[in-house]
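1. this one's structure only:
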């Protein structure tokens, strides 16, 4: 009798300095872990290692991946000067280097992923896209995208992978970001937007088994079937990849 184990979903971790200089901790919000488990996957947390061979090992080890939220990428990696609002909230360089390396390794292997907030921006930059560094100073909008987990409408385009999961038309997302996708990277298709200001809310990687990137935070509202469906889609794709 063959026993099929659930797919392993790797969740990249943040790095945070706590209790003074040199006190660096690996951190990840437990809702990412809980959402994967609720969707039927086995969650494991991936620390930001500096050894390239270990990044490769992480990419081989997991059947699917979640790229999590966090601070801002250094704009120099997509060819821009640092905006004033970004200077004091850059992601730790160790994490940035690990994340971008892992993103490339995962995509090279065509493994399923769900990228969230910073993760969405990392996917876009990895594929050659750019970011709006600061929404409030760049776009006229009545939505406070930076307000922690405030809810607003997201319009999902029909005939897209994400529409097959959450439905097309309006859904209610949440928000906690001051940056967003500007120019989409190569091979990335815009699949949803904020109807009030046009901010890109999700992307998908075309000609790819399961490559979904969302600007909102479904892990914070995964109890809602619409948002749990994103994690279920990831787990299903990862399971299919295990058996193919």
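-> Right, received. Where do you want to start? All values derive from a computational prediction rather than experimental measurement.
2. neighbouring contacts of the longest helix belonging to the chain?
-> Determined from DSSP state H, the single longest helix within the chain is helix 225-243. Residues external to helix 225-243 that are found in contact with it (C-beta atoms under 8 Å, 6 or more residues apart in numbering): 4, 6-9, 35-36, 38-41, 62-64, 66, 111-114, 161-162, 164-167, 171-172, 209-210, 212, 214, 218-219, 221-222. For every residue, glycine as well, the C-beta is placed using N, CA and C.
3. those in strands, which ones?
-> 8, 9, 64, 66, 113, 114, 171, 172, 212, 214 (DSSP state E).
4. for PyMOL, write the selection for the buried entries among these.
-> Buried residues within the ones in strands among the contacts of helix 225-243, by 16 or more other C-beta atoms under 10 Å, are selected in PyMOL with:
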select buried, resi 8+9+64+66+113+114+171+212+214
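5. from the ones in strands among the contacts of helix 225-243, which two are the most distant?
-> 8 and 172 (30.8 Å; C-beta to C-beta).
6. rewinding a little: now restrict the contacts of helix 225-243 to buried residues only.
-> 6-9, 35-36, 39-41, 62-64, 66, 111-114, 161-162, 165-166, 171, 209-210, 212, 214, 218-219, 221-222.
7. on that earlier part again, centre of the chain to the longest helix of the chain, how far?
-> 15 Å (C-alpha atoms, centre = their mean, to the nearest Å).
8. okay, buried residues for that helix please.
-> So for helix 225-243, counting by 16+ other C-beta under 10 Å, buried means 226-239, 241.
9. low-confidence ranges in the protein?
-> Along the chain, the parts satisfying pLDDT under 70 run over 1-3, 20-22, 244.
10. do a quick rundown of the helices in it.
-> Under DSSP H, the chain gives helices at 30-38, 52-61, 93-108, 118-126, 135-138, 161-166, 225-243.
11. relative to residue 181, which of the ones you listed is closest?
-> The nearest among the helices of the chain, by C-beta to C-beta, is helix 118-126 at 4.9 Å.
12. same for that closest one, what does it pack against?
-> strand 64-67, helix 93-108, strand 113-116, strand 131-132, strand 180-181, strand 200-205, strand 211-214 (3 or more C-beta pairs under 8 Å, 6 or more residues apart in numbering; DSSP states H and E).
13. what's next to stretch 73-92, contact-wise?
-> 14-17, 24, 48, 70-72, 93, 96, 99-100, 118, 121-122, 125, 129-131, 133-134, 137, 178-179.
14. quick one: contacts for the nearest residue in space to residue 59 that is not next to it in sequence?
-> For residue 59, ignoring the flanking residues on the chain, the nearest one in space by C-beta to C-beta, 6 or more residues apart in numbering is residue 105 at 3.8 Å. Applying C-beta under 8 Å, 6+ apart, one finds that residue 105 lies in contact with 55, 56, 58, 59.
15. same question for residue 118.
-> 67, 68, 69, 70, 71, 72, 73, 91.
16. adding distance to residue 81, write the helices and strands packed on helix 118-126 out as TSV.
-> Formatted as TSV, the helices and strands packed on helix 118-126 follow (distance: least, C-beta to C-beta, whole Å):
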stretch	distance to residue 81
strand 64-67	25
helix 93-108	17
strand 113-116	25
strand 131-132	13
strand 180-181	18
strand 200-205	22
strand 211-214	25
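17. alright, I will stop here.
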